[in-house]
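K.L.:
Prediction below, plus the sequence it came from.
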Amino acid sequence: MKRVSMLEAMGGLQQVSEHMNLSLFATALLASLAASYAAALMYRFFYESRGTGSQVSRAFPLLGIAITTLFICIQVSIPLSLGLMGSLSIIRFRTPIKEPEEVGFIMLVIAASVSAATYNFDFIIVLYTVALLSLFIIRKARRMGFLKRDGLLVIAMADENAGRFEGLLNLLKQHLRHSVVQSTSSRDGVTSMHIAFSGLLTDVAKLHADVRGFSDSIKSMNVFLDRPGGMR
């Protein structure tokens, strides 16, 4: 068994002392906390009003400082890091993530916390600058009609009147900013048209009333939203 020399032991103790310096530790925690609050504000500004997520941003502050503390502790000991990672691997999220954006923001908080734990505070500034810029680009692209789909409209009509679908599409243009026919199907004398849309120009009640009043041959009309609560 290899013996550890006194100098090596002293060097290891000095490294532990440097990493566990209370003032540096407090600075890392404050940086992580500030980054977590910034992530929560970005989440609320860009996404909270457009969906019915689990309000995951409420956990960002505690998540950030916990991850920072964990990574600072495991830096000073490889056996400790392996033991902690093994014990933490049994943790599972029992509540499913409801919005895809939540995964990105959780990873953003984790990346900022690890940067704070390794005292790379400049990385946090660069990371959040790029993240904020990308969010504004995505919002601009959605407003211009790119990367945007509010939902799917499914309209069923009797086969003998299926030729009136063209007139129905013209009617939908008065209610929807963008719409495109994705597919059609016919079964048991009923033709169904699947229309992807974005940008509702009127309210849903008026859309239903106008489509229903277009023809008595319309059997059913269903609206499926990609983001519940996100249609505007």
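P.N.:
Nice, thanks for sending it over. Numbers count the residues shown, from 1 in each chain.
K.L.:
Same question for the longest helix anywhere in the chain: list its buried residues.
P.N.:
Longest helix in the chain, counting residues (DSSP state H): helix 22-46. Buried residues in helix 22-46, defined by neighbour count with 16 or more other C-beta atoms under 10 Å: 25, 28-29, 31-36, 38-40, 42-43, 46. Just so you know, the C-beta spots here come from the backbone N, C-alpha and C atoms, and that holds for glycine as well.
K.L.:
Widest-spaced pair of the residues you listed?
P.N.:
Maximum pairwise distance among the buried residues of helix 22-46 (C-beta to C-beta): 31.8 Å, between Phe25 and Phe46.
K.L.:
Three-state assignment for Met153, please.
P.N.:
Check again: residue 153 is Leu, not Met. Here Leu153 is recorded as strand under DSSP: H, G, I helix; E, B strand; the rest coil.
K.L.:
wait, isn't it in contact with Ser220?
P.N.:
No: between Leu153 and Ser220 there is no contact under C-beta atoms under 8 Å: 11.3 Å.
K.L.:
Which one of these two is surrounded by more residues?
P.N.:
Leu153 (22 against 11; other C-beta atoms under 10 Å).
K.L.:
Distance check, the most centrally placed residue in the chain against Val204.
P.N.:
Residue closest to the average C-alpha location in the chain (C-alpha atoms, centre = their mean): Glu101, at 0.3 Å. Distance, Glu101 to Val204, using C-beta to C-beta, to the nearest Å: 24 Å.
K.L.:
could you dump whichever helix or strand Ile138 is part of to PDB, C-alpha only?
P.N.:
Element membership for Ile138, per DSSP states H and E: helix 121-143. Taking C-alpha atoms only, helix 121-143 is exported to PDB below (Å, rounded to 0.1, in the frame of the first residue of the first chain):
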ATOM      1  CA  PHE A 121     -17.800  34.100 -12.600                       C
ATOM      2  CA  ASP A 122     -17.000  35.500 -16.100                       C
ATOM      3  CA  PHE A 123     -18.500  32.400 -17.600                       C
ATOM      4  CA  ILE A 124     -21.900  33.200 -16.000                       C
ATOM      5  CA  ILE A 125     -22.000  36.600 -17.600                       C
ATOM      6  CA  VAL A 126     -21.100  35.300 -21.000                       C
ATOM      7  CA  LEU A 127     -23.600  32.400 -20.600                       C
ATOM      8  CA  TYR A 128     -26.500  34.600 -19.600                       C
ATOM      9  CA  THR A 129     -25.700  37.200 -22.300                       C
ATOM     10  CA  VAL A 130     -25.900  34.500 -25.000                       C
ATOM     11  CA  ALA A 131     -29.000  32.900 -23.500                       C
ATOM     12  CA  LEU A 132     -30.800  36.300 -23.300                       C
ATOM     13  CA  LEU A 133     -29.900  37.100 -26.900                       C
ATOM     14  CA  SER A 134     -31.100  33.700 -28.100                       C
ATOM     15  CA  LEU A 135     -34.400  34.100 -26.300                       C
ATOM     16  CA  PHE A 136     -35.000  37.500 -28.000                       C
ATOM     17  CA  ILE A 137     -34.100  35.900 -31.400                       C
ATOM     18  CA  ILE A 138     -36.700  33.100 -30.800                       C
ATOM     19  CA  ARG A 139     -39.300  35.700 -29.800                       C
ATOM     20  CA  LYS A 140     -38.600  37.800 -32.900                       C
ATOM     21  CA  ALA A 141     -38.800  34.700 -35.100                       C
ATOM     22  CA  ARG A 142     -42.200  33.800 -33.600                       C
ATOM     23  CA  ARG A 143     -43.600  37.200 -34.200                       C
END
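K.L.:
Cool, thanks, talk later.
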